[in-house]
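**Student:** Got a predicted model here, sequence first, then my questions.
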Number of protein chains: 2
Amino acid sequence: MEISELGEFGLIQRLTKELKIENSTTLKGVGDDCAVLSPTGNTQTLVTTDLLMEGIHFDLMYVPLKHLGYKAVMVNLSDIYAMNGTPRQITVSLAISKKFTVEDIEELYSGMKLACEKHHVDIIGGDTTSSLTGLAISITALGEALPQDIVYRNGAKETDLICVSGNLGASYMGLQLLEREKIVYNNQKRELQEKIGKAKAKGNDKELSALNSQLSTIATPDFSGYEYLLERQLKPEARRDITEALAKANIHPTSMMDISDGLSSELMHICTQSHVGCRVYEDRIPLDYQTAAMAEELNMNVTTCALNGGEDYELLFTVPLSQNDAVNKLEDVKVIGYITKESLGKVLISRDGSEFELKAQGWNPLQ
Amino acid sequence: MEISELGEFGLIQRLTKELKIENSTTLKGVGDDCAVLSPTGNTQTLVTTDLLMEGIHFDLMYVPLKHLGYKAVMVNLSDIYAMNGTPRQITVSLAISKKFTVEDIEELYSGMKLACEKHHVDIIGGDTTSSLTGLAISITALGEALPQDIVYRNGAKETDLICVSGNLGASYMGLQLLEREKIVYNNQKRELQEKIGKAKAKGNDKELSALNSQLSTIATPDFSGYEYLLERQLKPEARRDITEALAKANIHPTSMMDISDGLSSELMHICTQSHVGCRVYEDRIPLDYQTAAMAEELNMNVTTCALNGGEDYELLFTVPLSQNDAVNKLEDVKVIGYITKESLGKVLISRDGSEFELKAQGWNPLQ
């Protein structure tokens, strides 16, 4: 169905008609000039926002709309967890070009709803409008936390341990894989189209029909063995489990942030804002087997991918040295180095013991 | 300066370096995974968001970037006032295409800052990224209000008076004027370019140079006499003064919203959500002299413009009949009709006493 048949209010009604409110702090969701929230007694409110643009942040040739919706929400929730907070509400704004149908937008929205359900988050409003080209998604997430629980980027202290959750570089490898297969697909398609053009010119109907049937069945790429990489790229999960595990183990990080632009870049932020240096060990950086295998296949340095790939949505945090034992007991958390005096710089110690200065070479959307 | 020279963090640093925090409820603004707010004791939090796309919501051929920034903020603050709340914070997300320089974005941002200063609002965060085509602006505004002060759309009661602030249709007339002058300008330019093409072909250097100098000085349109219309379109003001006047006069509206899509459309929302009907008098709809003059010049029906033009950012509200005297004493507020039983429908009574059913023909961004 064409979106213009429904209009703005019709589309919003259709997308939001089954929204349920899960949080007692959400007093009024969609349907007025503003949403109305009633923050719980002593908590503070956390606010984060992201703007995703088609062609810059996602390629609809290989990103299913439902996954896109899911990821768009997750990247915001990840920021709330990175403050050690609990996400409660999001607003969703969409700008949609004419190429999208009502069903497309419902698909996108269903991914958003799924992510919200999983994290008990309410969709409380937004804006729906058109775009001359492509899709724009703007999400703002609100969360809450007790003042004493909030973890900023600026609290890392000398001798603190540097920890990361999960493993790094997998999402970036997934992206490389998708990009490679896109090129293969486009090349095959172009070659066939050229042959079709020639067959047409020659009037060779038999060849033409054979080529056309080939065109409609260009092999879908075989991703077997690399499913994990695709999942990390297409369907990342915000690490609520880690903040819950930290709370349970009574560990209060001195600084924390999520890894969206790459470990190097995020380490720089923590060091700069905390006025400290760091020493990180290459052989301690957690990698998945598939990440290493794919890096080898693509002839890339896997450490570079893990340091600068980005879109990991893992948590990077520091804890006092005294919590070494506690942190080592946590599942899926690894100590990768420690915090030093600012004057000692930000250093990566390679497998052979050489020292390199860490540089933020993460993804820069404006370069 | 090219934006790529600065990169994302450089640009954000440059834009936000002089931001001052005005509200005690803003604990942490730009610079971490989230902003952190501490809502005041008994208040509830109001949240609203808007996504503005180049080519859909604004035309940079005649909208100065500073005005655009100012307006983008105002339309969000207007939603907070429409709930009878006080705006406190905004987040600003921008997607920028390569055609913009650092100075352009500073200009845009300066308009945003001006709007924020005027209303004592803090810029607490956002996202800055690139776009393949044009500019996208996504703003989320947060405000607060005591629970008993908040005014929803669904509280209008039979016999309530319907009131509007300011006057209607002026912004729409301003847009018509700008669009007309754009066409005139483009036609003049095209004609000259055709002549230049011919002169080139003939090798007539003297004529060519004369035409080129004409091209560089195509008359800027003379808007004198219509300044007010342009101001309403390019630099709308959110009506904090009206909510303040209502509070001072001890008037608590039963329903309220701001007029962004046109009076008709907004009346429909209030009637539908309050399960009531309305009778509105054409001769009571407030119009500015310039709006009427421009409508006549363009051969348009001024009432239609006032009902459906939109972008007025005036407040539409209802008050109990018992507050007739109080509301009539308010400056810049006019009673335009009253609320009826739902079964009586939504009716406009024209100057000659005929009755028409009100229809929402306001601006629909998805048609």
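**Tutor:** Sure thing, it's come through. Note that the structure is a prediction, hence the values are computed from the model and not measured. Residues are numbered from 1 along each chain as shown, chains lettered A, B, ... in the order given.

**Student:** where exactly do the strands run in chain A?
**Tutor:** A:26-28, A:35-37, A:44-53, A:86-96, A:122-130, A:136-145, A:161-165, A:255-258, A:276-281, A:315-319, A:333-341, A:346-349, A:355-357 (DSSP state E).

**Student:** Please name the nearest non-neighbouring residue to whichever residue of the stretch 101-250 of chain A sits closest to chain B.
**Tutor:** Residue nearest to chain B within the stretch 101-250 of chain A (C-beta to the nearest C-beta): A:Ser138, separated by 3.7 Å. Yep, even glycine has a C-beta here, placed from its N, CA and C like the rest. Using C-beta to C-beta, 6 or more residues apart in numbering or on different chains and skipping residues adjacent in sequence, the residue nearest A:Ser138 is B:Ser138, 3.7 Å away.

**Student:** what about that neighbour, neighbour count?
**Tutor:** When neighbours are counted by other C-beta atoms under 10 Å in any protein chain shown, B:Ser138 registers 30.

**Student:** isn't A:Tyr62 right up against A:Ile183?
**Tutor:** No - between A:Tyr62 and A:Ile183 there is no contact under C-beta atoms under 8 Å: 11.2 Å.

**Student:** what about these two, which has more around it?
**Tutor:** Applying other C-beta under 10 Å to A:Tyr62 and A:Ile183 shows that A:Tyr62 carries more neighbours, namely 18 against 9.

**Student:** what's across from A:Asp258 in the sheet?
**Tutor:** A:Leu315 (DSSP bridges).

**Student:** Now do the contacts for it.
**Tutor:** For A:Asp258, the contact set (C-beta atoms under 8 Å, 6 or more residues apart in numbering or on different chains) comprises A:Ser78, A:Asp79, A:Tyr81, A:Ala82, A:Ala238, A:Arg239, A:Glu266, A:Tyr313, A:Glu314, A:Leu315, A:Leu316, B:Asp33.

**Student:** Just put the residues you listed in CSV and tack on neighbour count and distance to B:Asn23.
**Tutor:** Converted to CSV, these look like this (neighbours: other C-beta atoms under 10 Å in any protein chain shown; distance: C-beta to C-beta, whole Å):
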residue, neighbour count, distance to B:Asn23
A:Ser78, 27, 27
A:Asp79, 27, 21
A:Tyr81, 27, 26
A:Ala82, 32, 24
A:Ala238, 26, 29
A:Arg239, 24, 31
A:Glu266, 26, 29
A:Tyr313, 24, 31
A:Glu314, 27, 33
A:Leu315, 28, 30
A:Leu316, 24, 30
B:Asp33, 25, 20
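
**Student:** Of these, just say which sits nearest to B:Asp222.
**Tutor:** A:Asp79 (50.3 Å; C-beta to C-beta).

**Student:** Quick check: the closest one touching B:Thr91?
**Tutor:** No - with contact defined as C-beta under 8 Å, A:Asp79 does not count as touching B:Thr91 (11.7 Å).

**Student:** Give me the residue ranges of the stretch 251-367 of chain A where confidence is low.
**Tutor:** Within the stretch 251-367 of chain A, the stretches with pLDDT under 70 are A:361-367.

**Student:** Let me see the ranges of the helices in it.
**Tutor:** Secondary structure of the stretch 251-367 of chain A by DSSP state H, counting those that start in this stretch: the helices cover A:263-274, A:289-297, A:302-308, A:324-329.

**Student:** Of all those helices, which one comes closest to chain B?
**Tutor:** Of all the helices of the stretch 251-367 of chain A, helix A:263-274 comes closest under C-beta to the nearest C-beta, at 7.2 Å.

**Student:** hey, what's A:Val333 bridged with?
**Tutor:** A:Ser165.

**Student:** And the contacts of stretch A:209-219?
**Tutor:** With C-beta under 8 Å, 6+ apart as the test, stretch A:209-219 has contacts from A:Tyr185, A:Gln188, A:Lys189, A:Leu192, A:Gln193, A:Lys195, A:Ile196, A:Ala199.

**Student:** tell me the contacts of the residue in the stretch 201-350 of chain A positioned nearest to chain B?
**Tutor:** The nearest approach of the stretch 201-350 of chain A to chain B comes at A:Met257, 5.3 Å away (C-beta to the nearest C-beta). Counting by C-beta under 8 Å, 6+ apart, A:Met257 touches A:Ala82, A:Arg153, A:Glu266, A:His269, A:Ile270, A:Leu315, A:Leu316, A:Phe317, B:Asp32, B:Asp33.

**Student:** just to revisit the earlier point, now distance to B:Thr129 too, for the strands of chain A, in TSV please.
**Tutor:** Output for the strands of chain A, formatted as TSV (distance: least, C-beta to C-beta, whole Å):
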stretch	distance to B:Thr129
strand A:26-28	29
strand A:35-37	25
strand A:44-53	6
strand A:86-96	14
strand A:122-130	18
strand A:136-145	10
strand A:161-165	25
strand A:255-258	17
strand A:276-281	27
strand A:315-319	22
strand A:333-341	29
strand A:346-349	26
strand A:355-357	27
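
**Student:** by contact count, what packs against the lengthiest helix in chain A?
**Tutor:** Counting residues, the longest helix found in chain A (DSSP state H) is helix A:170-202. Using 3 or more C-beta pairs under 8 Å, 6 or more residues apart in numbering or on different chains; DSSP states H and E as the contact criterion, the elements in contact with helix A:170-202 are helix A:205-216, helix A:227-234, helix A:289-297, helix A:302-308.

**Student:** repeat that for 6 Å
**Tutor:** The contact analysis (3 or more C-beta pairs under 6 Å, 6 or more residues apart in numbering or on different chains; DSSP states H and E) places helix A:170-202 against helix A:205-216, helix A:227-234, helix A:289-297.

**Student:** Which residues of the stretch 1-150 of chain A lie near chain B?
**Tutor:** Proximity of the stretch 1-150 of chain A to chain B (C-beta under 6 Å from any C-beta of the partner chain) is limited to residues A:3-4, A:7-8, A:32-39, A:44-51, A:53, A:55-56, A:79, A:82-83, A:91, A:93, A:95, A:127, A:129-133, A:136, A:138, A:140.

**Student:** Among the residues you listed, name the buried ones.
**Tutor:** Buried by 16 or more other C-beta atoms under 10 Å in any protein chain shown: A:3, A:7-8, A:32-39, A:44-51, A:53, A:56, A:79, A:82-83, A:91, A:93, A:95, A:127, A:129-131, A:133, A:136, A:138, A:140, out of these.

**Student:** Closest one to B:Val121 out of the contacts of A:Met257, please.
**Tutor:** Of those, the one sitting nearest to B:Val121 (C-beta to C-beta) turns out to be B:Asp32, at 19.5 Å.

**Student:** Counting neighbours, what do you get for the nearest residue to A:Leu348 once chain neighbours are set aside?
**Tutor:** Distance criterion C-beta to C-beta, 6+ apart; nearest residue to A:Leu348, sequence neighbours excluded, is A:Phe356 at 4.6 Å. Using other C-beta under 10 Å, the number of residues around A:Phe356 comes to 13.

**Student:** Please report how far A:Phe356 lies from chain B.
**Tutor:** As defined by C-beta to the nearest C-beta, to the nearest Å, A:Phe356 lies at a distance of 21 Å from chain B.

**Student:** Correct me if wrong: that residue contacts A:Gly345.
**Tutor:** No - judged on C-beta atoms under 6 Å, A:Phe356 makes no contact with A:Gly345 at a distance of 10.3 Å.

**Student:** what is the mean pLDDT for the longest helix of chain A?
**Tutor:** For helix A:170-202, mean pLDDT is 91.
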